[in-house]
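>>> Give me a 3D structure for the following:
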Amino acid sequence: MARTIGIHAAFLDDGLKAKINAAAAENGFEVVYFKDKDDAVAHSDGCEVLYGGFPAEAIKGDKALKWLGVSSAGVDNIVSDDLYPNPDVLVTNSAGGYGVTISEHLICTTLMMMRRMPEYAARVAKHQWGLVGEIHSLMRSTVTIVGMGDIGTNFAKRCKAMGAACVRGVRRTNKPGPECFDETYTIVHLDDAIQGADVVALCVPGTDATSHLIDERRLGLMKDGAYLLNVGRGWAIDQPALIRALESGKLAGAAIDVTVPEPLPVDDPLWNAPNLLLTPHVSGNMTLNITRELVIDIFVENIGRYARGEKLRNLVDRKLGY
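From the prediction side, this is the model:
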């Protein structure tokens, strides 16, 4: 009986499918593409490998499952042991595929806030002409990036290229960072890392340890007039405290791509917070071609590794949550 890879990923085009099919055939697998979630739930049983985005019922129901590869970088919704038919299922994510698109989103929103583009857009909509006042630059600025993985490192490189005077990185463990970081802090020294920073960017996974990482107290520690960005998970920021920091002018602006809950309810006060760039969790979706190519390249490489019995790239520690 052929070994089967089941795939549920709406972003695949014919070229990406051809890459997957070639790698599968070379390593002794056949590929089944599910047309929707119902199809995946009904027919995934018997697949040794699942890839893409699968509902819990499909994962639980696949008694043959040995490896689940997800096309996202975040895995907070699939780390529970209760989700798997047996405790030995390997889980991989697609970290390494999103650094380009999300770091470009961070650069875009940082510059929009620093150059006060939302205020100009609001004036232009009213057919008003004139300056809104002083603007700022990444040149000579201090940037603190919480999370030094693919996304944080890509953002750090772009900040340095644009002349940032000091890029600080914050990570869980105490080890040197890439050269694009001028200073490295562990998460226990987050208070020190955010003080004096012009920009603080959160690029952290969704775990218990990152819940309300930026709360009222830490917002108070931030530099007056600083900018706060979040592309990780919404619960990393205390949203009511963020609203107060924006309303008081403590922060000059915030760019938030993730919220609690999602979608954000229409009557949530966050919608009306001043100097807020709010986007609906789009910084790392599959609308950029290079992202689609990168995540499939990771999966294709892992098909070969899996077939040869080698350690998989991006293996997730379900206890840590990433």
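
>>> going forward, measure contacts and count neighbours with C-alpha atoms only.
Will do.

>>> Name all residues that make contact with I7.
If you count contacts by C-alpha atoms under 8 Å, 6 or more residues apart in numbering, I7 has them with V31, V32, Y33, F34, L50, Y51, G52.

>>> Got the confidence number for the third one?
Confidence per residue is given as pLDDT, and for Y33 that number is 98.

>>> Skip the chain neighbours and tell me the closest residue to it.
Once flanking residues are discounted, Y33 sits nearest to I7: 4.8 Å by C-alpha to C-alpha, 6 or more residues apart in numbering.

>>> Run the chain-centre distance for whichever strand or helix holds that neighbour.
According to DSSP states H and E, I7 maps onto strand 3-8. The chain centroid and the centroid of strand 3-8 are separated by 25 Å under C-alpha atoms, centre = their mean, to the nearest Å.

>>> Now it: average pLDDT?
Strand 3-8 comes out with an average pLDDT of 97.

>>> Tell me the strands beside that strand, with direction?
As defined by DSSP bridges, the strand partners of strand 3-8 come to strand 29-33 (parallel), strand 49-52 (parallel).

>>> In CSV: those, plus mean neighbour count and distance to S141.
Output for the strands paired with strand 3-8, formatted as CSV (neighbours: other C-alpha atoms under 10 Å; distance: least, C-alpha to C-alpha, whole Å):
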stretch, mean neighbour count, distance to S141
strand 29-33, 18, 48
strand 49-52, 23, 39
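
>>> Check which element follows the strand holding I7 along the chain.
Sequence order places helix 14-26 as the next helix or strand after strand 3-8, per DSSP H and E.

>>> Do a quick rundown of the helices in the chain.
14-26, 37-43, 56-61, 99-114, 117-125, 150-161, 190-194, 216-221, 239-248, 289-308 (DSSP state H).

>>> Could you look over these and pick the most buried one?
Counting by mean count of other C-alpha atoms under 10 Å, helix 150-161 has the highest mean neighbour count of those, with a mean of 22.

>>> Could I get the CA-only coordinates of that one as PDB?
Taking C-alpha atoms only, helix 150-161 is exported to PDB below (Å, rounded to 0.1, in the frame of the first residue of the first chain):
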ATOM      1  CA  ASP A 150      13.100  34.600  11.400                       C
ATOM      2  CA  ILE A 151      10.700  37.500  11.600                       C
ATOM      3  CA  GLY A 152      12.500  39.500  14.200                       C
ATOM      4  CA  THR A 153      15.900  39.000  12.500                       C
ATOM      5  CA  ASN A 154      14.500  40.100   9.100                       C
ATOM      6  CA  PHE A 155      13.100  43.200  10.700                       C
ATOM      7  CA  ALA A 156      16.400  43.900  12.500                       C
ATOM      8  CA  LYS A 157      18.300  43.700   9.200                       C
ATOM      9  CA  ARG A 158      16.000  46.200   7.600                       C
ATOM     10  CA  CYS A 159      16.200  48.600  10.500                       C
ATOM     11  CA  LYS A 160      20.000  48.500  10.400                       C
ATOM     12  CA  ALA A 161      20.000  49.100   6.700                       C
END
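
>>> Can you name every helix or strand that that helix contacts?
On a contact count with 3 or more C-alpha pairs under 8 Å, 6 or more residues apart in numbering; DSSP states H and E, helix 150-161 meets helix 99-114, strand 142-146, strand 166-171.

>>> In a markdown table, list those along with mean pLDDT and distance to K60.
What follows is the helices and strands packed on helix 150-161, written out as a markdown table (pLDDT from 0 to 100; distance: least, C-alpha to C-alpha, whole Å):
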| stretch | mean pLDDT | distance to K60 |
| --- | --- | --- |
| helix 99-114 | 98 | 31 |
| strand 142-146 | 98 | 34 |
| strand 166-171 | 98 | 33 |
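
>>> mind putting those in CSV, distance to E310 included?
Below are those laid out as CSV (distance: least, C-alpha to C-alpha, whole Å):
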stretch, distance to E310
helix 99-114, 25
strand 142-146, 31
strand 166-171, 28
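
>>> Tell me who's in contact with the closest residue to Y185 other than its chain neighbours.
Nearest non-adjacent residue to Y185, counting by C-alpha to C-alpha, 6+ apart: V170, 4.7 Å away. Shown here is V170, whose contacts under the criterion C-alpha under 8 Å, 6+ apart are T144, I145, V146, G147, M148, T184, Y185, T186, I187, L190, A193.

>>> Who is V170 paired with across the strands?
Applying DSSP bridges, one finds that V170 bridges with V146, Y185.

>>> now it: how far from G196?
V170 is 15 Å from G196, where distance means C-alpha to C-alpha, to the nearest Å.

>>> Tell me where the chain is predicted with low confidence.
Across the chain, the ranges flagged by pLDDT under 70 are 1.

>>> can you do 90?
Scanning the chain for pLDDT under 90 picks out 1-2, 74-81, 86-87, 174-177, 205-209, 318-322.
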